[in-house]
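**Student:** Dropping the sequence and predicted coords here.
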Amino acid sequence: MLSLPGETRLFMCHDYKAPGRDEYRWETTVAEERAANVHVHDGVDEETFVRMRTERDATLDMPRLILPSVQINMRAGAFPPAESNGVRYIRIPLNAL
């Protein structure tokens, strides 16, 4: 994405509110991210980014709502089809992740 022109608008799927910012943002530009993104900005190469993410991600638990989220997201926001009883279910594995 950072190879795109600076004025390219980017629409984010979620925002964690960067340090020093009190409001959520869903839109940014490539130029803004090059200047201020805490993880990927001008001067951070791919190797550095991959190493940082690999080390950081190894310390994190799986997000609490990842399993139901994936089931909805993979259907572009639609719920799973109803079962024969007419009820829609989100399936959560109990013996494996």
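**Tutor:** Looks like it came in fine.

**Student:** Not counting its own residues, what contacts the longest helix seen in the chain?
**Tutor:** Using DSSP state H, we find that the single longest helix of the chain is helix 46-57. Residues external to helix 46-57 that are found in contact with it (C-beta atoms under 8 Å, 6 or more residues apart in numbering): 39-40. To be clear about C-beta, it is placed using only N, CA and C from the backbone, and glycine gets the same treatment.

**Student:** Let's see that with 6 Å instead.
**Tutor:** Applying C-beta atoms under 6 Å, 6 or more residues apart in numbering, the external contacts of helix 46-57 come out as residue 40.

**Student:** Quick check: buried residues in it?
**Tutor:** Using 16 or more other C-beta atoms under 10 Å as the test for burial, helix 46-57 gives no buried residues.

**Student:** distance of residue 90 from residue 81?
**Tutor:** According to C-beta to C-beta, to the nearest Å, residue 90 and residue 81 sit 12 Å apart.

**Student:** May I see the buried residues of the helix or strand just after the longest helix of the chain?
**Tutor:** Per DSSP states H and E, helix 46-57 leads on to helix 66-73 as the next helix or strand towards the C-terminus. Of the residues in helix 66-73, none is buried by neighbour count under the rule 16+ other C-beta under 10 Å.

**Student:** same deal with stretch 35-48?
**Tutor:** When neighbours are counted by 16+ other C-beta under 10 Å, the buried residues of stretch 35-48 are found to be residue 40.

**Student:** Quick one: end-to-end length of that stretch, please.
**Tutor:** As for stretch 35-48, its first-to-last residue distance stands at 17 Å under the measure C-alpha to C-alpha, to the nearest Å.

**Student:** What of stretch 36-51?
**Tutor:** One end of stretch 36-51 to the other measures 19 Å (C-alpha to C-alpha).

**Student:** So what's the gap between that stretch and the chain middle?
**Tutor:** In this view, stretch 36-51 has its centroid 16 Å away from the chain centroid, taken as C-alpha atoms, centre = their mean, to the nearest Å.

**Student:** How is this structure divided into domains?
**Tutor:** 9-60, 64-97 (automatic domain parsing).
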